[in-house]
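Asker: here's my sequence, what's the structure:
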Amino acid sequence: MKSPAVHLLLSATSRSLLRMTLEVLKHYSSRMSTCIITSPSQRVMINDINALFKLIPFKIPHMESLVMEVDNSVREAYKNGKLTSSQRVEIETRLLVDGDIPDVLSSVCEHLTGKVMTKICESMDMTKVLFWDVECDDIKSDDRTTETKARYDVLTKMKLDNHVKVRTCRRCGSVTKDYYAEILDGNRTSNELEHPPPTWLLHVQKNCVCLGSWIISS
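Answerer: A predicted model of the protein is given here:
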């Protein structure tokens, strides 16, 4: 259950984006087949796009069916669990931020890895899936250490020194300087700091720009 694909399907946010993307691809593919070519350059472009569509290792309608089935299973699991709206929001947040799969969705995972996955795999070219080139997506490990990574305050847009204490957004991962840590460590008020923050900054620091909440980092 550590596969990113499982988390993308279980999370309502990524599942909605995936569903919309598949809908656009399906619509675009059908329009391409009826497109009236008016120039040689347009013919080359259309042929290139059609070639890309042929490289997709699965049938778009089959993937749509998978996403829809998972969507219905998640809704049913939430309904059977009699969860409140706030509980659902907490589960979705944990799925995106912490990668946790709650017990209430365990039945969905079993359903997904059982007959549903067997059915979808039968319609795929698994060799193409396993050897799909993701280099163009820039999916790779970041070998830089924490000390060498440049950090920027999401609120002030200023570069942060490595020794500065920061708060990290629980939703999007952005950071901001933790002025409250300086205040508490020195038992001082904000006006007594060597470089006191402006009042507006202390006000907007209550939440990230994405409206997510902060967690204490280092």
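Asker: those strands in this protein, which residues are they?
Answerer: In the chain, the strands defined using DSSP state E lie at 151-152, 159-160, 166-169, 175-177, 214-216.
Asker: what about the first one, distance to the chain center?
Answerer: It refers to strand 151-152. Distance of strand 151-152 from its chain centroid, counting by CA atoms, centre = their mean, to the nearest Å, is 21 Å.
Asker: pLDDT of it, averaged?
Answerer: Averaged across strand 151-152, the pLDDT comes to 86.
Asker: may I have the strands that pair with it, each with its orientation?
Answerer: strand 159-160 (antiparallel) (DSSP bridges).
Asker: list the contacts of the strand it pairs with.
Answerer: 150-153, 166, 175, 177 (CB atoms under 8 Å, 6 or more residues apart in numbering). The way it works is simple: take the backbone N, C-alpha and C, and place the C-beta from them, glycine included.
Asker: let's see it at 10 Å
Answerer: Here strand 159-160 makes contact (CB atoms under 10 Å, 6 or more residues apart in numbering) with 150-153, 166, 175-177.
Asker: and if you look at stretch 69-81?
Answerer: Counting by CB under 10 Å, 6+ apart, 6, 8-12, 15-16, 18-19, 83-85, 87-88, 91-92, 102-112, 115-116, 119-120 sit against stretch 69-81.
Asker: quick check on those residues: which are buried?
Answerer: 6, 8-12, 15, 18-19, 83, 91-92, 102, 104-105, 108-109, 111-112, 116, 120 (16 or more other CB atoms under 10 Å).
Asker: now the chain, which segments are flagged as low pLDDT?
Answerer: 1-3, 113-121, 123, 126, 129-149, 182-196, 218 (pLDDT under 70).
Asker: quick one: the helices in it, in order.
Answerer: Counting by DSSP state H, one finds helices in the chain at the ranges 4-10, 12-33, 40-55, 60-80, 85-97, 106-111, 117-122, 126-130, 179-185, 199-204.
Asker: any idea how the chain splits into domains?
Answerer: 4-137, 151-216 (automatic domain parsing).
Asker: correct me, but residue 43 touches residue 32?
Answerer: No - under the criterion of CB atoms under 10 Å, residue 43 makes no contact with residue 32, lying 11.8 Å away.
Asker: thinking again about what came up before, how about the strands of the chain, which one is nearest residue 124?
Answerer: Smallest distance to residue 124 across the strands of the chain (CB to CB): 36.5 Å, for strand 166-169.
Asker: off-centre distance for the closest one?
Answerer: For strand 166-169, the distance to the chain centre is 18 Å (CA atoms, centre = their mean).
Asker: which other residues reach that strand?
Answerer: Applying CB under 10 Å, 6+ apart, the set of residues contacting strand 166-169 is 97, 151, 153-154, 160, 174-181, 205, 207-218.
Asker: before we move on, the earlier item: now render the contacts of strand 159-160 as CSV, adding distance to residue 65.
Answerer: Below are those laid out as CSV (distance: CB to CB, whole Å):
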residue, distance to residue 65
150, 44
151, 43
152, 43
153, 45
166, 44
175, 41
176, 43
177, 48
